[in-house]
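Colleague: this one's sequence-less:
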């Protein structure tokens, strides 16, 4: 509290004391007149802000020693007086309490003497037993003093623990008549009451920081640094560069207990002096693992999609979680109910697959859907369960990477050789393209890419191929595998990718591009298969099968025999796919193998 406010408070209290002192004299000298006057008073006769009484004209009064004032008792006393203004007997001891600094009960006794019982409900009461939760804690001169002591003890407890425990306390005041009793020492009684109240708290709370995400989710942490660590850790789950962003807490100017996180990007620019590829490495680039790799990446923008509010509050100790647990809680995907609007070409099975659920689960959520599965209408709304985390982090990353420029292939037919027995007459070399792009991601998953600039690092050369054109016997498998498309771009290889195993290779091509059988065999599967979308599986004998996924169209059926390089499907974007491409797998005795080790290019 600043000096001006303290001065104002002192002035108001001084006025109150002046009036209380004068009232104290009236009580002694003209008690009957005072009682008549009290009956005429109402709560309107008291102004809380000015702490003054109407209808009174009192002389000035000087307080000699402000340092002795028991401010805590003053605060509670004033609250009770304002609440029960007709109990103006309490005013008699306020002045003496402020002037002398002595306690509440003693002040009352000095100012009122034997008249102290006037403040109780019964003027014949000798003393009052103060009972807390069926435990006798002390003796007080009147009901007013008892209530006062309880309020002061509660105020002391709140100051001690830092919050209002909201006790469901059972306090009783038992009046006694005609007996004499030594009143309990005030300080002793306050300590006893405070400790008894403290012991009655069932669940003690500690100071914590509660983070609320959206409308429903909350998590409590130990301190502000833990909160920052959680939010920074959540971003590291989704961002490749761990040191590009930081989190700061901005306090609400109107309520300093409320904060909001502010995400700061530490580095926003790429190094313009980069030189990723040198002339010495150009000849090897198209053949090694560096091709397609992001050479440099920087986060340009990052934001938290939901409203996040952090409140400094007292919480139960068992509600506090550690940084690792909180990070897991806000990034783990949980099933959430959403509404899906039916679009052209949708069916219950495709809707279920696109939302990561089974068709049976979709039917269970939407009564009557199974019976009218073939009659669903465009624009109809269905309930689906979608796996989502609590926190959504969106980012824009500026990247520089390389891509292969396909070498041009020229084919010369050889009618004396079977299809698939191609022979390279003049080898060609693939080119290398440097790409500068902006990649937009939501929780680490790319949903948009904007190409800013493309630079040709090396140009491709033409390859001349002698191609067998003689048709194979329909059921014959050659034992070798041909790349299942003529024109394509290899975008992803077999192995770990995005934190999980990529079980095949991805060959990008425009939608509708023909997909051919890598070798002869019999079709054992043709149709929809979950995340694969529309796919074809061919059995080549000797425990070897090949799989062709994300197709837009299928031209074969189960049981059909196909020859090597025969048309079987068309490139599409069905299932869990990020763009038109062929996902190609080779299985040996049921185990997925790296197709690059079996394919003949």
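Modeller: Yep, it's here. Since the structure is predicted, the reported quantities are computational estimates derived from the model, not experimental observations. Numbering: from 1, shown residues only.

Colleague: domain ranges for the chain?
Modeller: Taking automatic domain parsing as the domain assignment, the ranges for the chain are 3-199, 207-275+299-331, 337-388, 473-601.

Colleague: okay, the ones you listed in JSON lines with distance to residue 446 and mean pLDDT next?
Modeller: Every residue, glycine included, has its C-beta placed from N, CA and C. Below are these laid out as JSON lines (distance: least, C-beta to C-beta, whole Å; pLDDT from 0 to 100):
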{"stretch": "domain 3-199", "distance to residue 446": "46", "mean pLDDT": "61"}
{"stretch": "domain 207-275+299-331", "distance to residue 446": "11", "mean pLDDT": "81"}
{"stretch": "domain 337-388", "distance to residue 446": "17", "mean pLDDT": "85"}
{"stretch": "domain 473-601", "distance to residue 446": "7", "mean pLDDT": "89"}
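
Colleague: which one of those domains lies closest to residue 397?
Modeller: Comparing those by their distance to residue 397 (C-beta to C-beta), the top pick is domain 207-275+299-331, with 5.5 Å.

Colleague: next, the distance between the ends of stretch 591-601.
Modeller: With C-alpha to C-alpha, to the nearest Å as the measure, the ends of stretch 591-601 fall 23 Å from one another.

Colleague: outside of it, which residues touch it?
Modeller: The list of residues contacting stretch 591-601 from outside it, by C-beta atoms under 8 Å, 6 or more residues apart in numbering, reads 420, 422, 480-483, 493-495, 503-505, 518, 584-587.

Colleague: now it: how far from the chain's centre is it?
Modeller: With C-alpha atoms, centre = their mean, to the nearest Å as the basis, stretch 591-601 stands 43 Å off its chain's centre.

Colleague: list the buried residues for that stretch?
Modeller: 593, 595, 598, 599 (16 or more other C-beta atoms under 10 Å).

Colleague: please enumerate the strands of the stretch 251-400 of the chain.
Modeller: When assigned using DSSP state E, counting those that start in this stretch, the strands of the stretch 251-400 of the chain occupy the ranges 255-265, 294-304, 308-316, 334-341, 381-388, 393-405.

Colleague: pairing partners for the longest one, with directions?
Modeller: This means strand 393-405. For strand 393-405, sheet partners with direction are given as strand 294-304 (antiparallel), strand 431-442 (antiparallel), following DSSP bridges.

Colleague: redo those as a markdown table? Include distance to residue 397 and mean neighbour count.
Modeller: A markdown table is the format used below for these (distance: least, C-beta to C-beta, whole Å; neighbours: other C-beta atoms under 10 Å):
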| stretch | distance to residue 397 | mean neighbour count |
| --- | --- | --- |
| strand 294-304 | 5 | 16 |
| strand 431-442 | 5 | 18 |
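
Colleague: among those strands, which gets the worst mean confidence?
Modeller: If the strands paired with strand 393-405 are sorted by mean pLDDT, strand 294-304 sits at the bottom with a mean of 77.

Colleague: how far does that one sit from the chain's center?
Modeller: Between the mean C-alpha point of strand 294-304 and the mean C-alpha point of its chain there is a distance of 21 Å (C-alpha atoms, centre = their mean).

Colleague: sorry, back to before: now, among the buried residues of stretch 591-601, which is nearest to residue 540?
Modeller: Residue 540 lies nearest to residue 598 out of the buried residues of stretch 591-601, by C-beta to C-beta, at 10.4 Å.

Colleague: now do the phi/psi pair for the closest one.
Modeller: Phi and psi for residue 598, reported as degrees, to the nearest 10, are phi -120, psi -20.

Colleague: which one, of the strands of the stretch 251-400 of the chain, ends up nearest to residue 165?
Modeller: Comparing those against residue 165 with C-beta to C-beta, the closest turns out to be strand 308-316 (9.2 Å).

Colleague: residue 230 and residue 265: what is the separation?
Modeller: Plainly put, residue 230 is 19 Å away from residue 265 if you go by C-beta to C-beta, to the nearest Å.

Colleague: these two: which is more packed in?
Modeller: Neighbours around residue 230 and residue 265, counted as other C-beta atoms under 10 Å, are more numerous at residue 230. The numbers are 27 against 15.

Colleague: give the helix, strand or coil label for the more buried one.
Modeller: The local conformation at residue 230, judged by DSSP: H, G, I helix; E, B strand; the rest coil, is helix.

Colleague: do residue 188 as well
Modeller: Going by three-state DSSP, the state assigned to residue 188 is helix.

Colleague: that one contacts residue 139, correct?
Modeller: No - with contact defined as C-beta atoms under 8 Å, residue 188 does not reach residue 139; the gap is 11.1 Å.

Colleague: between those two, who's got more neighbours?
Modeller: In terms of neighbours (other C-beta under 10 Å), residue 139 is the more surrounded of residue 188 and residue 139; the figures are 19 against 11.

Colleague: surely that one forms part of a strand?
Modeller: Yes - Residue 139: assigned to a strand according to three-state DSSP.

Colleague: can you pull up the bridge partners for it?
Modeller: Taking DSSP bridges, one finds residue 129 as the beta-bridge partners of residue 139.

Colleague: quick one, what contacts it?
Modeller: Residues in contact with residue 139, defined by C-beta under 8 Å, 6+ apart, are 127, 128, 129, 130, 181, 182, 183, 184.

Colleague: out of those residues, who's nearest residue 512?
Modeller: Of all the contacts of residue 139, the one with the least separation from residue 512 (C-beta to C-beta) is residue 130, at 89.5 Å.

Colleague: do you know how far the closest one is from residue 171?
Modeller: Relative to residue 171, residue 130 is positioned 8 Å away (criterion: C-beta to C-beta).

Colleague: neighbour count: those two, which is higher?
Modeller: When residue 130 and residue 171 are compared for neighbours, residue 130 comes out ahead with 25 against 15, by other C-beta under 10 Å.

Colleague: where's that one relative to residue 201, distance?
Modeller: Counting by C-beta to C-beta, the gap from residue 130 to residue 201 is 19 Å.

Colleague: please apply the same query to residue 421.
Modeller: For residue 421, the distance to residue 201 under the criterion C-beta to C-beta works out to 86 Å.

Colleague: what of residue 157?
Modeller: As judged by C-beta to C-beta, residue 157 and residue 201 stand 9 Å apart.
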